[in-house]
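[1] requesting a structural model of the entry that follows:
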Amino acid sequence: MNAWQIFYRQLVELEGYKNILVGLQNTALIAVFGLLIGLVIGCLLAVCKIIPRNGWITKLLSAVTDVYVAVFRGTPMVVQLLLIHYVIFPALGLHIPILTEAILAFGLNSGAYVSEIMRGGILSVDAGQTEAGRALGLNYGQTMLKIVLPQAIKNVVPTLGNEFIALLKETSVVSFITVVDITKSLQNIANSTYEYIIPYIVLALIYLVLVLAVTGIIKLIERRLRASDRR
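    Numbers count the residues shown, from 1 in each chain. This is a model prediction of the structure:
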């Protein structure tokens, strides 16, 4: 049998496609929920970073934010994943599903990058918006939550889309903690047949299709946001 026939047999006759579907599902879950967690953490860190430093509490929050961002941006994703799985969670006595561990690891990592994205987005909002909120009787937190952050998120949608694409591709490292993602599922087929060319070509095509699909969705969201701005 040639390489395509071997791959087809493994994929269809031996039901390897089921493992691929599980890997695709896990990849999507890690990327989507990782970005959502990162968005929440990133918004909080961005606010802590730009809040006026009028006291020791705000100065402490700013310092903690700087350390958080430096650590997660300064170390590789795979190292963070291994530390969380083999060191931090066991030391804390936490025993949670490895898929959840991967989602949390990616969320914590994404939060560092999203914080800088959101900080830029918040600073891009006209200062008059904040002043208008305060004039309406809103406190600083309410002004940020109800007026500034919604506009900031709208401004950084393309950059957040790039962050999601980066997360999607980085999920290929979760196999280090035995999570079955799309990379691991195709790798298993390659290892079982000793034919590596076809599985890895298919793997590259799957990632390409996923990235193109996400890119199309981001462009659609941008067009809708621009249309809403013109109304």
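
[2] just name the shakiest helix or strand of the chain by mean pLDDT.
    With mean pLDDT, DSSP states H and E as the measure, the helix or strand of the chain carrying the lowest mean pLDDT is helix 3-8 (a mean of 72).

[3] quick check: buried residues in that one?
    Ile6, Phe7 (16 or more other C-beta atoms under 10 Å). Heads up, the C-betas are built off the backbone N, CA and C, glycines and all.

[4] determine the set of other helices and strands touching it.
    On a contact count with 3 or more C-beta pairs under 8 Å, 6 or more residues apart in numbering; DSSP states H and E, helix 3-8 meets helix 182-193, helix 197-230.

[5] next, the angle helix 182-193 makes with the helix or strand that that helix is followed by.
    Next along the chain after helix 3-8, taking DSSP states H and E as the criterion, comes helix 16-50. Following axes from the mean of the first three to the mean of the last three C-alpha atoms, to 10 degrees, one obtains 150 degrees for the angle between helix 16-50 and helix 182-193.

[6] centre of the chain versus helix 16-50, how much separation?
    In this view, helix 16-50 has its centroid 4 Å away from the chain centroid, taken as C-alpha atoms, centre = their mean, to the nearest Å.

[7] just stretch 80-96 next, same as before
    For stretch 80-96, the separation from the chain centroid amounts to 20 Å (computed by C-alpha atoms, centre = their mean).

[8] equivalent analysis for stretch 140-160, please.
    Taking mean C-alpha positions (C-alpha atoms, centre = their mean), stretch 140-160 and its chain are 18 Å apart.

[9] stretch 202-216 too?
    A distance of 16 Å separates the centroid of the chain from that of stretch 202-216, by C-alpha atoms, centre = their mean.

[10] contacting residues for the spatially most central residue of the chain?
    In the chain, the C-alpha nearest the mean C-alpha coordinate belongs to Leu35, at 3.3 Å (C-alpha atoms, centre = their mean). Contacts here follow C-beta atoms under 8 Å, 6 or more residues apart in numbering; on that basis Leu35 touches Gly107, Ser110, Val114, Leu160, Glu163, Phe164, Leu167.

[11] show me what the helix or strand containing Leu108 is packed against.
    Taking DSSP H and E as the definition, Leu108 sits inside helix 98-124. Contacts of helix 98-124 with other secondary structure elements, assessed using 3+ C-beta pairs under 8 Å, 6+ apart, are made with helix 16-50, helix 56-74, helix 77-83, helix 149-155, helix 157-170.

[12] can you lay out these as CSV showing mean pLDDT and distance to Val180?
    Putting these into CSV (pLDDT from 0 to 100; distance: least, C-beta to C-beta, whole Å) gives the following:
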stretch, mean pLDDT, distance to Val180
helix 16-50, 89, 5
helix 56-74, 88, 25
helix 77-83, 93, 15
helix 149-155, 80, 33
helix 157-170, 90, 16
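
[13] nearest to Arg9, out of these?
    With C-beta to C-beta as the criterion, Arg9 lies closest to helix 16-50 of the helices and strands packed on helix 98-124, at 8.8 Å.

[14] ok so, going back, find the nearest non-adjacent residue to the residue nearest to the centre of the chain, please.
    Once flanking residues are discounted, Leu35 sits nearest to Phe164: 5.0 Å by C-beta to C-beta, 6 or more residues apart in numbering.

[15] nice, that's everything, thank you.
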